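> Next comes the sequence, and after it the predicted model I'd like to discuss.
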Amino acid sequence: MKLCYIDESGTPEQSGPTSHYVLVGLAVPDKLWKTHRSQLDRIKSKYKLEHEEIHTAYMVRHYKEQGGIPDFESLSYKDRRKQVIKERSRIIAVLQKKNSKKRKSTERSYRNTHAYVHLTHDERRQVVKEIAELLGSWNEVRLFAECIDKVHFNPRITGKSVAEQAFEQVVTRFEIYLRNISEYGILIHDKNETLEKRLIGLMKEFLQSGTSWMTLEKVIETPMFVDSQITDSIQLADVCAYALRRYLEYKEEELFDLVFQRADRKRGASVGVRHFTNPACVCKICASHS
Ligand SMILES: [Zn+2]
């Protein structure tokens, strides 16, 4: 049995702030779940992140407040956290008087990054890199992804939204993989209040009458929606989705090269990952997709 963890990076809305929407499926054999988990735990505990979610986009940001603390790097984890919290409270108190919109977005950003404030920017990047290296070393794991350049996406031609096309593509490629290895698989999706109902409805249609390309013989059940905060494997899919999108939008190669090793391949071609753009470009995904 393969467990396929699904997560996204970028916004599916065509007017959103990112040029790409990336949906990833990370297929993991059930029998390796425990081994993988303990390997991941080892990295997390090294950086005192045992009970924390790995949310890549929040982790790799610059936290300006850290820069304002003298000798931040030489402090202990405990003191770094204490100092950052103090500095953040001071900033919020200043904004309280001046700008309530800015205060709210700053508070949100502080909440999202609270778990990581004891680590320097370099250390936070290192955590993500070590996780990507670990993932890249797992030969039995397969990566599926649809990376949509929204500029070239026309819902009138496809008859689907960006999110629907991405989901259908990932499900179809996962099905092909499962048929090749004669195993069953289920989808485990990051909780998504906006999309949940639509995706369950779509999956019911696929199970009944197939996707646009094939019937589903090996993918079973409707997706299970889980909380990424407590499901480590969804966090791994998050690292992959982030790495693919940052490569396509900013040409960042380090994380991409590590996770792209796991793309499902057939005779050397990465059939599991596609860059939807027009015309096909010269990126590593287009070059190796057939
Ligand atoms: Zn490309």
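It's in.
> Apart from its chain neighbours, what residue comes closest to residue 62?
The shortest distance from residue 62 to any residue other than its chain neighbours is 5.9 Å, reached at residue 121 (CB to CB, 6 or more residues apart in numbering). Any C-beta I mention is one placed from the backbone N, CA and C, and that applies to glycine too.
> Please disregard the earlier target; I meant residue 162.
Per CB to CB, 6+ apart, closest to residue 162 is residue 12, 4.5 Å.
> Repeat that for residue 237.
residue 7 (3.8 Å).
> distance of the residue nearest to residue 62 from residue 16?
According to CB to CB, to the nearest Å, residue 121 and residue 16 sit 26 Å apart.
> These two: who's more crowded?
residue 121 (17 against 13; other CB atoms under 10 Å).
> Can you verify my assumption that the more buried one contacts residue 66?
Yes - Residue 121 lies in contact with residue 66 (CB atoms under 8 Å); the separation is 7.2 Å.
> What strand or helix carries residue 212?
Secondary structure assignment for residue 212, by DSSP states H and E: no helix or strand.
> and it, how many residues sit next to it?
For residue 212, the neighbour count with other CB under 10 Å is 12.
> follow-up on the earlier one: could I get the contacting residues of the residue nearest to residue 162?
Residue 12 makes contact with 21, 161, 162, 163, 166, 195 under the criterion CB atoms under 8 Å, 6 or more residues apart in numbering.
> show me which of the residues you listed neighbour the ion.
On the criterion CB under 5 Å from the ion, none of the entries of the contacts of residue 12 sits beside the ion.
> buried residues in stretch 228-248?
228, 231-248 (16 or more other CB atoms under 10 Å).
> err, stretch 119-136, not the other one
119, 121, 124-125, 127-132, 134-136.
> which residues sit against it?
Identification of contacts with stretch 119-136 by CB under 8 Å, 6+ apart yields 39-40, 43-44, 47, 49, 54, 56, 59-60, 62-63, 66, 72-73, 77, 80, 116, 141, 236, 239-240, 243, 254-255, 258-259, 261-262.
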